[in-house]
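Chemist: what's the 3D shape of this:
(4 chains)
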There are 2 protein chains.
Amino acid sequence: MRLGATIKDVAQKAKVSEATVSLVLNNKANVREETRQRVLKAIQQLNYHPRHMARGLASRKSGNFGFILTDDHFSRAEPFYTKIFLGIEFEARKYNYYILLTTVPRTFHPDTDLPRFLRERNVDGVLLAGHIPQALCEHLLTLKMPHVFIDFSPRHKQGNVVMMDNLLGATLAVRHLIELGHRRIAFIGGDITHPSIAARLEGYKKALTEAGLPIAEELIESVESYTASADGFRAAAALAGRAAPFTAIFAANDAMAIGAMQFLREQGRAIPADVSVVGFDDIEAGMHTQPQLTTIRVDKEELGAVALRRLVEMIETKKELPGKVFTPVELVVRQSTAPPPA
Amino acid sequence: MRLGATIKDVAQKAKVSEATVSLVLNNKANVREETRQRVLKAIQQLNYHPRHMARGLASRKSGNFGFILTDDHFSRAEPFYTKIFLGIEFEARKYNYYILLTTVPRTFHPDTDLPRFLRERNVDGVLLAGHIPQALCEHLLTLKMPHVFIDFSPRHKQGNVVMMDNLLGATLAVRHLIELGHRRIAFIGGDITHPSIAARLEGYKKALTEAGLPIAEELIESVESYTASADGFRAAAALAGRAAPFTAIFAANDAMAIGAMQFLREQGRAIPADVSVVGFDDIEAGMHTQPQLTTIRVDKEELGAVALRRLVEMIETKKELPGKVFTPVELVVRQSTAPPPA
DNA sequence: TCCTCGCATTAAACCGCTTTAATAAATTTC
DNA sequence: GAAATTTATTAAAGCGGTTTAATGCGAGGA
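Modeler: As a prediction, this is how the structure comes out:
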């Protein structure tokens, strides 16, 4: 009994058939209240928990969701995706799903790199985050597997996407600089092909335009293909090399902001006295820089939780959920921003 | 066919029984080479992949491993556990296991916080990392569930533990300082009840003793119960408050080292000119500090991979594997260490 | 009173694989 | 060449649930 009461034991104890127990287990209709109580009591007494595998086999559902990341994203320094995962996993408990987390290489090839849970059809749906290779997106469609993208929207379609509000966040960041009095604000961002980064650039432009400021191409540096701190360093260097003056930098993410700050410091430019810097993401490291980084905060756990709920809904209703959902962002003013030098 | 050839289809196509296909699938003995080839060909042609759930049900094995972390550890800034996870997951693919990752609160209570996969017996074994609550350790024993601890050994037993070589690492770090000429070396570390931290303190003492240096209690600060950067800041402050002079700090982990550096900087003490600092773990953030942190590198992926292999071995041999296994560590000299001021 | 209908319950088939025990085939032994 | 072994193959019984179709039963309608 200790290691494994089965539905049979419960049925016997409650003096009903296994089918009835199953009905109770799944909250199905047409069970008399008295019977239900009797079954529930037996379940409790026997400390019964249905075997996940038996259920899965019989119902042709796995009770699992896959969570796919690109390897370079997941192992990044800041725990951005870790937090998303935590949000997902925590939410998944409420719906009785397990999460199978795996990574795919950026050089994804369907024959060799397809996650095992997709081959074995061991998941009922998948969540995807990071810069997911196009080939994988396409393959997913052929599998007719319900899926939700997190912080990424593939080129070929618009639906089933959960994002943070990149456009708004970037706008808030740049407005903040403008309100401080900055007029020559630079943008640095890597991997501009990533939709989130692109949206942040757009927000940057939007805030400038709103304020009646010109958009100067020579103040925009977005050629890097990655978004690590070293890329921020290089981007800032490229910017400085152009001799187009600026009093503030808006970096498309904190890691690059930190790299940029490092470059500025090495150049002897004080932050925020000479140059203000704003990041995006609110990663831990931004709190440990000198000065602490002003940034846009994103609720990563919520991002994951929302995505999971959407996936569950898609499966329950058997419908695609059109459109994007945005989770909120927030400006966090710390020490890296100040009015421009007089 | 596209979505789901079964063993039956394979059997028909290869003109053998389902049992034979199963034998081939599981690499069992006593199947003629010619037959095997015929089956393999059919499998290939049908693009057959056995259903994970059906297998699990029939064989009474889940094909899953659980990976349990405490929530506060996993969401930490540095991707320490993320890297361990990656090592585990990657290795798990070789053995055809899925990893179910979950977190438990530090205030673990078996009735409410027991991971679902343990209740439902949906894993064949578990890996545990972080400061796992005693109550969970004990519960695990009652379940007779094979398990391996990573970077943590519970109080009640010695076996099934994979650790980085904390003692050696700490010794290397402190020896490095001694070789540079330091004589008054402080130790800061939080959560001294964590075996890894304790071992690092021991390594610190060992290196001093080897060199014939005294162990001064007033240079040891290990009262913090957490190991974040803010704790390092406080620990350094406590140390400074004692007015016992020191020219170097060995921090039990990088996060605390970074916090300590921040404190020193605020006190106007230059690193490494006035004070040298060595950390432990080699987290990303340590490369972005000013100056870059000298530290002890740990191969986290390898830690996870080794643990996974041990777990597989335990299950295959049905034996406990006595003793601890250590994975290597390495001194990485960067810019935060130098000879003491003259 | 007899029939029909809706609700509660259950018998039995099934999900897709593994495994045991029995059978068939091949090989060795004498 | 027949008996004794060994090796290869398979029929059939699970694994522990879900689900379909059938059954029993009391209430309302004719």
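Chemist: So which residues of chain A form helices?
Modeler: A:7-14, A:18-25, A:33-46, A:52-59, A:71-74, A:80-94, A:110-113, A:116-119, A:134-143, A:166-180, A:195-210, A:229-241, A:254-266, A:300-317 (DSSP state H).
Chemist: right, is the second one up against chain B?
Modeler: No. Where contact is defined by CB under 8 Å from any CB of the partner chain, no part of helix A:18-25 touches chain B; the two come within 12.5 Å at best. (Each C-beta comes from the backbone N, C-alpha and C, glycine too.)
Chemist: list the helices and strands that helix packs on?
Modeler: Secondary-structure packing of helix A:18-25 (3 or more CB pairs under 8 Å, 6 or more residues apart in numbering or on different chains; DSSP states H and E): helix A:7-14, helix A:33-46.
Chemist: Check whether A:Asp274 really touches A:Pro341, as I assumed.
Modeler: Yes. Judged on CB atoms under 8 Å, A:Asp274 makes contact with A:Pro341 at a distance of 5.9 Å.
Chemist: Mind listing the shared neighbours of the two?
Modeler: Taking CB atoms under 8 Å, 6 or more residues apart in numbering or on different chains as the contact rule, the neighbours common to A:Asp274 and A:Pro341 are A:Thr247.
Chemist: what about these two, which has more around it?
Modeler: Of the pair A:Asp274 and A:Pro341, A:Asp274 is the one with more neighbours under other CB atoms under 10 Å in any protein chain shown, namely 14 against 11.
Chemist: roughly how far apart are that one and B:Ile215?
Modeler: Using CB to CB, to the nearest Å, we find A:Asp274 at a distance of 47 Å from B:Ile215.
Chemist: nearest residue to A:Ala338 other than its sequence neighbours?
Modeler: Excluding its sequence neighbours, the residue lying closest to A:Ala338 (CB to CB, 6 or more residues apart in numbering or on different chains) is A:Pro272, at 3.7 Å.
Chemist: Now the one you found: phi and psi?
Modeler: The main-chain torsion angles of A:Pro272 are listed as degrees, to the nearest 10 and equal phi -100, psi 10.
Chemist: thought it was touching A:Gln290?
Modeler: No. Because the distance of 11.5 Å does not satisfy CB under 8 Å, A:Pro272 is recorded as not touching A:Gln290.
Chemist: who's in contact with the closest residue to DNA strand D within the stretch 151-300 of chain A?
Modeler: For the stretch 151-300 of chain A, the residue positioned closest to DNA strand D under CB to the nearest atom of the strand is A:Asn160, at a distance of 24.5 Å. Taking CB under 8 Å, 6+ apart as the contact definition, A:Asn160 lies against A:His147, A:Val148, A:Phe149, A:Arg310, A:Met314, A:Glu320, A:Leu321.
Chemist: Buried ones among these?
Modeler: A residue is treated as buried here by neighbour count (16 or more other CB atoms under 10 Å in any protein chain shown); on that basis the buried members of these are A:His147, A:Val148, A:Phe149, A:Arg310, A:Met314, A:Leu321.
Chemist: Hmm, the fourth one is touching A:Met163, no?
Modeler: No. Between A:Arg310 and A:Met163 no contact is recorded; they are 11.8 Å apart, counting by CB under 8 Å.
Chemist: Fine by me, we can end here.
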